[in-house]
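Chemist: Predicted coordinates and the sequence they were generated for:
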Amino acid sequence: MSIEITDLSLSIGERRLFQPLSLSVARGEVATIMGPSGIGKSTLLAAIAGHLDPSVTATGHMTLEGQDLASLAPETRGVGMIFQDPCLFPHLSLGDNLAFGLRASADRTARRAGIEAALKTAGLAGLYEADPDTLSGGQKSRASLMRSLLAEPRALLMDEPFSALDMELRDEMRRFVFAHIRARNIPAILVTHDPADAEAANGPCCQLQRD
């Protein structure tokens with residue numbers, strides 16, 4: 001089961017953003033999308049997730065586990081997203097931030113146990129009640145990934161998640177993120193400007209070309 005993209009192109013009015021893209025991403029694989037600024041890399045992720053701006057028209061085909069994504073509402077696609085900004089809610093504790101990733105459940109004990117286990121996996125044990133503003137950049141990034149994975153996505157999309165980190169932390173987060181994607185055996189797509197990201201991902205790499 002994988003993400004399959006066939007002859008996908010995005011247009012604003014009469015202007016096509018990039019030449020048609022075809023890409024296959026297997027389970028546990030991280031594909032990298034590169035290209036110049038403004039070519040539509042983030043817009044491509046929005047199209048896959050189902051959040052495409054109405055001003056943008058998509059042609060071609062996208063499937064996930066054999067399902068046509070165009071026929072599915074965004075909330076039923078099962079696609080998680082990670083951005084450059086970890087996007088943690090500052091008014092909630094770290095644990096309550098992760099709770100947003102869990103599916104609704106009446107069993108509060110099970111929810112708490114699931115969050116505590118995720119925090120431990122991310123090297124954040126004992127920080128359930130922590131204020132997100134007190135965390136380091138790496139801790140915030142790991143928490144953001146765990147929140148996405150708690151939702152049990154069928155695929156993961158990443159929009160330059162490492163670009164704001166310093167070099168040492170960037171290497172650490174690459175290893176952490178890619179290892180969890182492979183352990184969960186889900187397909188992932190990474191948008192980046194950094195060739196080192198593509199090398200570390202060690203998967204298919206596509207360079208978007210202007211039309």
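Modeler: It's in. Numbering: from 1, shown residues only.
Chemist: what residues are up against residue 127?
Modeler: 94, 95, 119, 135, 139 (C-beta atoms under 8 Å, 6 or more residues apart in numbering). For glycine as for every other residue, the C-beta is placed from the backbone atoms N, C-alpha and C.
Chemist: Which two among the residues you listed are spaced furthest apart?
Modeler: 95 and 139 (13.1 Å; C-beta to C-beta).
Chemist: any residues touching the helix ranked longest in the chain, and which ones?
Modeler: Secondary structure of the chain read by DSSP state H shows that its longest helix is helix 167-184. Applying C-beta under 8 Å, 6+ apart, the contact partners of helix 167-184 are 28, 30, 82, 122, 137-138, 141-142, 145, 149, 156, 158, 161-162, 165, 188, 196-197, 200-201.
Chemist: now swap in stretch 134-149 and tell me
Modeler: Residues contacting stretch 134-149 (C-beta under 8 Å, 6+ apart): 80-83, 86-88, 94, 97-98, 100-101, 118-119, 121-124, 127, 132, 156, 161, 164-165, 169, 172-173, 176-177, 180, 184.
Chemist: now do 6 Å
Modeler: Residues from elsewhere that reach stretch 134-149 (C-beta atoms under 6 Å, 6 or more residues apart in numbering): 80, 82, 86, 88, 94, 98, 101, 118, 122, 165, 169, 173, 177.
Chemist: among these, which are in strands?
Modeler: Here DSSP state E is the test, and those give 80, 82 as lying in strands.
Chemist: ok, of the contacts of stretch 134-149, which come out buried?
Modeler: Neighbour counting with 16 or more other C-beta atoms under 10 Å marks 80, 82, 86, 88, 94, 98, 101, 118, 122, 165, 173, 177 as buried within these.
Chemist: Please tabulate the residues you listed in a markdown table and include distance to residue 209 and pLDDT as additional columns.
Modeler: Below are those laid out as a markdown table (distance: C-beta to C-beta, whole Å; pLDDT from 0 to 100):
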| residue | distance to residue 209 | pLDDT |
| --- | --- | --- |
| 80 | 28 | 93 |
| 82 | 25 | 91 |
| 86 | 31 | 87 |
| 88 | 36 | 92 |
| 94 | 42 | 95 |
| 98 | 39 | 92 |
| 101 | 36 | 76 |
| 118 | 39 | 88 |
| 122 | 37 | 86 |
| 165 | 28 | 81 |
| 173 | 29 | 86 |
| 177 | 27 | 90 |
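Chemist: Closest one of those residues to residue 38?
Modeler: Scanning these for proximity to residue 38, where the rule is C-beta to C-beta, the winner is residue 82, at 21.5 Å.
Chemist: show me what contacts residue 76?
Modeler: Taking C-beta under 6 Å, 6+ apart as the definition, residue 76 has no contacts.
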